[in-house]
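> Here is a sequence with its predicted model. Questions after.
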Amino acid sequence: MLAQSEGNYAEALQNYYEATRLEIDPYDQNYILYNIGLIHTSNGEHTKALEYYFRALERNPFLSQAFNNMVVICHYGEHAIL
């Protein structure tokens, strides 16, 4: 998370991808996937972000932050449904 907080998104993504491979607890996995979604959102990669938010919600359907971010992307982003 240090790399992400310092804005080193490429390193943070590598770390999170490795963590998804190693982490077996679904609860912890959902936060890893959520953070990957945050990085893709920050990079303007909304399709990838939506994929990772959805994967996080599969593991924890009560992760309201992921729902919120998906709504923002779909309402205001390139996936706007108007």
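Structure's in. What do you need? Residues are numbered from 1 along each chain as shown.
> who's in contact with the residue nearest to the spatial centre of the chain?
Nearest residue to the geometric centre of the chain (Cα atoms, centre = their mean): Gly37, 1.7 Å. Contacts for Gly37 (Cβ atoms under 8 Å, 6 or more residues apart in numbering) come out as 48-53, 56, 66, 69. For every residue, glycine as well, the C-beta is placed using N, CA and C.
> One more pass at 7 Å, please.
Neighbouring residues of Gly37 by Cβ atoms under 7 Å, 6 or more residues apart in numbering: 49, 52-53, 56, 66, 69.
> Need the per-residue pLDDT for the closest residue to Ile39 other than its chain neighbours.
Distance criterion Cβ to Cβ, 6 or more residues apart in numbering; nearest residue to Ile39, sequence neighbours excluded, is Tyr9 at 4.9 Å. pLDDT for Tyr9: 83.
> wait, Tyr9 sits on Glu45?
No. Judged on Cβ atoms under 7 Å, Tyr9 makes no contact with Glu45 at a distance of 10.3 Å.
> Filter the contacts of Gly37 down to just the ones in helices.
49, 52-53, 56, 66, 69 (DSSP state H).
> ok, the residues you listed vs Tyr31, which is closest?
Minimum distance to Tyr31 across these is 7.4 Å, recorded for Ala56 (Cβ to Cβ).
> number of nearby residues for Thr41?
Close neighbours of Thr41, defined as other Cβ atoms under 10 Å, add up to 20.
> what's the nearest residue to it if we skip its chain neighbours?
Going by Cβ to Cβ, 6+ apart, Thr41 has Ala49 as its nearest residue, at 4.2 Å.
> One more: Met70?
Tyr53 is the one closest to Met70 (Cβ to Cβ, 6+ apart), at 5.0 Å.
> got the contact list for that neighbour?
Contacts of Tyr53 (Cβ under 7 Å, 6+ apart): 34, 37, 66, 69-70.
> Redo those as TSV? Include distance to Gln14.
Below are those laid out as TSV (distance: Cβ to Cβ, whole Å):
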residue	distance to Gln14
Tyr34	17
Gly37	16
Ala66	22
Asn69	22
Met70	24
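> Quick one: which of the residues you listed is the most crowded by neighbours?
Gly37 leads the contacts of Tyr53 on contacts (other Cβ under 10 Å) with 28 neighbours.
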